[in-house]
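In: structure, please.
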Amino acid sequence: MSRSYKLAVLPGDGIGPEVMAEALRVLDTVAARSSISFEYNHQLVGGAAIDAVGKALPTETVAACEAASAILFGLHQRIIARRQL
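Out: The predicted structure follows:
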């Protein structure tokens, strides 16, 4: 019996996207060698989200996290002012 998991993928900023790419490679290898599958939903968070939409935690990201089986969270380096949350 195969199992499928929905993952909210939040790379973050700084080296987060690089680290996340490697984490996803590991999960892809696990999936290829087992009966587990993963559905990735990539979303913005932190500095990357501020640059793209002006907010550190966009509503779309929150919704994706709520709908996910798990959240894969990368690195968050940038200091965020309270008004950007």
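
In: show me the shaky parts of the protein.
Out: 78-85 (pLDDT under 70).

In: show me what the lengthiest strand in it is packed up against.
Out: When the chain is parsed with DSSP state E, its longest strand is strand 3-12. When contacts are defined as 3 or more CB pairs under 8 Å, 6 or more residues apart in numbering; DSSP states H and E, strand 3-12 packs onto helix 16-32, strand 36-42, helix 46-53, helix 59-67, strand 70-75. C-beta: built from backbone N, CA, C; applies to glycine.

In: kindly recompute the last result at 6 Å.
Out: Judged by 3 or more CB pairs under 6 Å, 6 or more residues apart in numbering; DSSP states H and E, strand 3-12 is in contact with strand 36-42, strand 70-75.

In: give me the buried positions along the last one.
Out: Okay, so that is strand 70-75. 71, 72, 73, 74, 75 (16 or more other CB atoms under 10 Å).

In: quick one: strands adjacent to that strand?
Out: Partners of strand 70-75 in the sheet, by DSSP bridges, are strand 3-12 (parallel).

In: identify the residues contacting the strand it pairs with?
Out: With CB atoms under 6 Å, 6 or more residues apart in numbering as the test, strand 3-12 has contacts from 17, 20, 36-43, 45-46, 64-65, 68-76.

In: I am finished for the moment; much appreciated.
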